[in-house]
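Novice: got a structure for you, letters missing:
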Ligand SMILES: NC(=O)C1=CN([C@@H]2O[C@H](COP(=O)(O)OP(=O)(O)OC[C@H]3O[C@@H](n4cnc5c(N)ncnc54)[C@H](OP(=O)(O)O)[C@@H]3O)[C@@H](O)[C@H]2O)C=CC1
Ligand SMILES: O=C(O)CCC(=O)C(=O)O
């Protein structure tokens, strides 16, 4: 079997590789992928630097044509690529196909965005002088992505980078290189010139670290853990590199007494457990007021009893496996932590055997949790949620905001007034009313506050803030 190779300066390079294993069936090897070295990364940065002047001088229409072609190819291949994605990451097939569709939509959005690139012309405070404000590409951008959205997150970083005329060095998570490789191949096929997008699959400690510290890389866009994000910002800032970080969440879903119970349970199941809870927007804290608490917990447990957990590619699966053995071990440790802290494990939390050897676990629900417990404060990143009872709306709001994170925050209520107050007072970058905290649109800003995000927002028109640099010009004609 030939390894899938890295792309540097338009050439596919690399030999011995990393095995990509299916978490639903550890006997199934998705492929072997060449492992990039520090030297490869330096070559990729040099290739991007060399390609940048010509690429940044192309017309927006040229860039738009390439982005639109990528969108069309992704859409045409969404079933095949969605299957590949679910096979390597473990989310259900519907989620995998949905993610490829989302990537296609993102490329379509940024293809259209190339037609809207504009500046401003303003009157000067001084007579006879013209002032223009325009945006120029940042330069070479290093893109470092996590394993939980192997195609959508690369897409929402690469598409705006290319739209605005940047050259890219892309490092995916080593755990899930297949979707990343496919995305890069699609962009190659769409006519991207050599060196504009370079693909270096290798360990974060080598490839990622080289990118972050190289002064030829003008900006780093990263999604992943807080610990790695913190390391990146310190290193990049010391050389005045621009940084955009999307990190963790400990997102609350508040359920008020007046909530529609079915909607609240749907929001909790979707937000906490779909995609195996491996979303930075997952609702891992369910903050429920007294009057509905017992009914909500009973209805949620009834729904959890019916959830089908299994092989990601099997029909009917609603929750796939955990991504790998270490993430599974970490989830199980949190189950022990929750019990030791005195929360009641009301459902699930154990390893599950299926026909194939995989990393399956029963989605877990703790009740009787308090907001100071570790299971309520630390990002678990698995199918584990806890219910925290609140006296009333005010206490629920206080608990929701009492966290180091601030990505998404949700409320289920039939009161317009409570929904409005929550929208105003929630300390989060995204607020959802009667909707799951996870699952966002592709054309509007994405990001959070506190330890969840750092730097400009991603997605939609807001993406321009990171991928461009503003130039103000004064002219005396
Ligand atoms: N906000 C989110 O969407 C995500 C949050 N997480 C959180 O992080 C936890 C751990 O997951 P993990 O995958 O280890 O997350 P990491 O933050 O370690 O990985 C994210 C990306 O950063 C890379 N990376 C790792 N170390 C460095 C470094 N020193 N310099 C530059 N890049 C680096 C990784 O490479 P590689 O892995 O290939 O070595 C990967 O591509 C999860 O349990 C979850 O809590 C994880 C994924 C996504
Ligand atoms: O909830 C979503 O749609 C996006 C989640 C996400 O970006 C993440 O988990 O990294």
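Specialist: Nice, I can see it. Only a predicted model underlies this, so the values are computations on that prediction, with no experimental measurement involved. Ligands and ions are numbered 1, 2, ... in the order given.

Novice: where do the strands sit along the stretch 201-350 of the chain?
Specialist: 219-223, 242-246, 251-255, 283-289, 344-347 (DSSP state E, counting those that start in this stretch).

Novice: Ok, the stretch 351-477 of the chain next?
Specialist: Secondary structure of the stretch 351-477 of the chain, counting by DSSP E, counting those that start in this stretch: strands at 364-369, 384-390, 405-406, 408-412, 430-433, 449-450, 453-454, 468-475.

Novice: What strands flank the first one, and is each parallel or antiparallel?
Specialist: To tie it back to what came earlier, the one meant is strand 364-369. Strand 364-369 has these partner strands in its sheet, going by DSSP bridges: strand 344-347 (antiparallel), strand 384-390 (parallel).

Novice: The longest one too?
Specialist: Partners of strand 468-475 in the sheet, by DSSP bridges, are strand 130-137 (antiparallel).

Novice: Please report the number of neighbouring residues for residue 368.
Specialist: Neighbourhood size, residue 368 [other CB atoms under 10 Å]: 16. Every residue, glycine included, has its C-beta placed from N, CA and C.

Novice: Was I right to think residue 465 contacts residue 457?
Specialist: Yes: at 6.7 Å, residue 465 and residue 457 qualify as touching, with contact defined as CB atoms under 8 Å.

Novice: Comparing those two, which residue is more hemmed in?
Specialist: Applying other CB under 10 Å to residue 465 and residue 457 shows that residue 457 carries more neighbours, namely 20 against 17.

Novice: Phi first, then psi, for the more buried one.
Specialist: When read as degrees, to the nearest 10, the backbone of residue 457 gives phi -60, psi 160.

Novice: so who does it touch?
Specialist: By CB atoms under 8 Å, 6 or more residues apart in numbering, residue 457 lies in contact with 429, 445-447, 463, 465-466.

Novice: Most neighbours among those residues, which one?
Specialist: residue 463 (27 neighbours).

Novice: do you know how far that one is from ligand 2?
Specialist: Computed with CB to the nearest ligand atom, to the nearest Å, the distance linking residue 463 and ligand 2 is 14 Å.

Novice: what's the closest non-adjacent residue to that residue?
Specialist: Sequence neighbours aside, residue 160 is the residue nearest to residue 463 in space, at 3.7 Å (criterion: CB to CB, 6 or more residues apart in numbering).

Novice: what's the neighbour count on that neighbour?
Specialist: Neighbour number of residue 160 under other CB under 10 Å is 28.

Novice: is it true that it touches residue 107?
Specialist: No: at 10.1 Å, residue 160 and residue 107 do not qualify as touching, with contact defined as CB under 8 Å.

Novice: what kind of secondary structure is the closest residue to residue 60 other than its chain neighbours in?
Specialist: Closest residue in space to residue 60, ignoring its immediate chain neighbours: residue 114 at 3.9 Å, by CB to CB, 6+ apart. What DSSP: H, G, I helix; E, B strand; the rest coil gives for residue 114 is helix.

Novice: Find the nearest non-adjacent residue to residue 279, please.
Specialist: Nearest one to residue 279, counting by CB to CB, 6+ apart, is residue 438 at 4.5 Å.

Novice: cool, residue 176 as well?
Specialist: Spatially, and ignoring its direct neighbours in sequence, residue 176 is nearest to residue 150 (4.0 Å; CB to CB, 6+ apart).

Novice: Kindly report the same for residue 86.
Specialist: residue 96 (3.4 Å).

Novice: chain center to the helix or strand hosting that neighbour: distance?
Specialist: Per DSSP states H and E, residue 96 falls inside helix 93-113. Remark: helix 93-113 is offset 13 Å from the chain centroid, using CA atoms, centre = their mean, to the nearest Å.

Novice: Show me how far whatever helix or strand comes next after that helix is from its chain's centre.
Specialist: Remark: after helix 93-113, the chain's next helix or strand is strand 120-123, criterion DSSP H and E. Centroid separation for strand 120-123 versus its chain: 37 Å, with CA atoms, centre = their mean.

Novice: elements contacting strand 120-123?
Specialist: strand 130-137 (3 or more CB pairs under 8 Å, 6 or more residues apart in numbering; DSSP states H and E).

Novice: Show me what counts as buried in the strand it packs on.
Specialist: Within strand 130-137, the residues that count as buried by 16 or more other CB atoms under 10 Å are 135, 137.

Novice: Count the residues that sit near residue 424.
Specialist: Around residue 424 there are 8 residues (other CB under 10 Å).

Novice: do the same with residue 228
Specialist: For residue 228, using other CB under 10 Å, the count is 20.

Novice: isn't it right up against residue 205?
Specialist: No: Residue 228 lies out of contact with residue 205 (CB under 8 Å); the separation is 9.7 Å.

Novice: so of the strands of the stretch 351-477 of the chain, which one's packed in deepest?
Specialist: Among the strands of the stretch 351-477 of the chain, strand 408-412 has the highest mean neighbour count (mean count of other CB atoms under 10 Å), at a mean of 30.

Novice: so what's residue 25 bridging to?
Specialist: Counting by DSSP bridges, the residues bridging with residue 25 are residue 22.

Novice: who touches it in this structure?
Specialist: Contacts for residue 25 (CB under 8 Å, 6+ apart) come out as 311, 356-358.

Novice: filter those to the buried ones?
Specialist: Neighbour counting over those (16+ other CB under 10 Å) leaves 311, 356, 358 as the buried ones.

Novice: What is the nearest of the residues you listed to ligand 1?
Specialist: Using CB to the nearest ligand atom, residue 358 comes nearest to ligand 1 of these, at 18.1 Å.

Novice: what about that closest one, distance to residue 318?
Specialist: 15 Å (CB to CB, to the nearest Å).

Novice: re the thing from before, quick one: which of the contacts of residue 457 is nearest to residue 222?
Specialist: Nearest to residue 222 among the contacts of residue 457: residue 466, at 11.1 Å, using CB to CB.

Novice: so that closest one touches residue 219, yeah?
Specialist: Yes: assessed by CB under 8 Å, residue 466 is found in contact with residue 219 at 6.6 Å.

Novice: hey, what's in contact with both of these two?
Specialist: Overlap of the contact sets of residue 466 and residue 219 (by CB under 8 Å, 6+ apart) consists of 138, 242, 244.

Novice: Apart from its neighbours in sequence, what residue is nearest the second one?
Specialist: Spatially, and ignoring its direct neighbours in sequence, residue 242 is nearest to residue 219 (3.9 Å; CB to CB, 6+ apart).

Novice: Just grab the bridge partners of that neighbour for me.
Specialist: Beta-bridge partners recorded for residue 219 (DSSP bridges): residue 141, residue 242.
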